[in-house]
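Chemist: pasting the sequence and the predicted coordinates here, then a few questions.
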Amino acid sequence: MKKQKIIFTVIKESDGFSAYTKVGKYFIATEGNDIEDLNKNILEAVNLNFEVEGIVYSLNEIALKPDLASFFEFYKVINAKALSQRIGMNQSLLAQYINGVKKPSKTQTQRILKGVQQVGKELASIQFFL
């Protein structure tokens, strides 16, 4: 089997996170209390599944595809209120999406993602005056 990038779907649970993916004949699932724990468990689960084939993965070869609740838990530095203002979305609505009270449409999810990516681009281009 050729080594490929693996993408895990990550879901915020009441007491941590769960993650799962399907790669070829393998269904891989795990959980963790926080992002560090989840990453460790994902790497261990992936490498256990591919051990027979002699394939070893690093975290750089594994991507996470989180739900909104997981994303905002992982990146607490991103202020949901400020993001909602930036993208022109009602703060209460964004909070409902983040807390799982409502499920955003594909269009709304893309709108949130675009806003987050724009902030990321702006932060990546910052240079401090020294």
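Modeler: Alright, I've got the coordinates.
Chemist: please identify the helix or strand for Phe71.
Modeler: In this structure, Phe71 sits in helix 68-74 according to DSSP states H and E.
Chemist: does anything pack onto the following helix or strand past that helix? Which helices or strands?
Modeler: Next along the chain after helix 68-74, taking DSSP H and E as the criterion, comes helix 80-87. On a contact count with 3 or more C-beta pairs under 8 Å, 6 or more residues apart in numbering; DSSP states H and E, helix 80-87 meets helix 91-98, helix 106-124. Yep, even glycine has a C-beta here, placed from its N, CA and C like the rest.
Chemist: what's the helix holding Phe71 packed up against?
Modeler: strand 6-13, helix 91-98, helix 106-124.
Chemist: how about the residue nearest to the spatial centre of the chain, phi and psi?
Modeler: The residue lying closest to the centre of the chain (C-alpha atoms, centre = their mean) is Pro66, at 3.0 Å. In terms of degrees, to the nearest 10, the main-chain angles of Pro66 are phi -80, psi 160.
Chemist: same question, the one 10 residues further on
Modeler: Lys76 has phi and psi values of phi -60, psi -20 when expressed as degrees, to the nearest 10.
Chemist: pretty sure Phe17 sits against Ala69.
Modeler: No - the pair formed by Phe17 and Ala69 falls short of the contact definition of C-beta atoms under 8 Å, at 9.2 Å.
Chemist: identify the contacts common to these two.
Modeler: Residues within reach of Phe17 and of Ala69 at once, by C-beta atoms under 8 Å, 6 or more residues apart in numbering, are Ile11.
Chemist: the two: which has the busier surroundings?
Modeler: With neighbours defined as other C-beta atoms under 10 Å, Phe17 and Ala69 compare such that Phe17 has more, 26 against 17.
Chemist: outline the domain layout of this protein.
Modeler: 6-66, 77-124 (automatic domain parsing).
Chemist: can I get those in JSON lines including mean pLDDT and distance to Leu130?
Modeler: Shown next, in JSON lines, are those (pLDDT from 0 to 100; distance: least, C-beta to C-beta, whole Å):
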{"stretch": "domain 6-66", "mean pLDDT": "95", "distance to Leu130": "30"}
{"stretch": "domain 77-124", "mean pLDDT": "95", "distance to Leu130": "18"}
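Chemist: great, nothing more from me.
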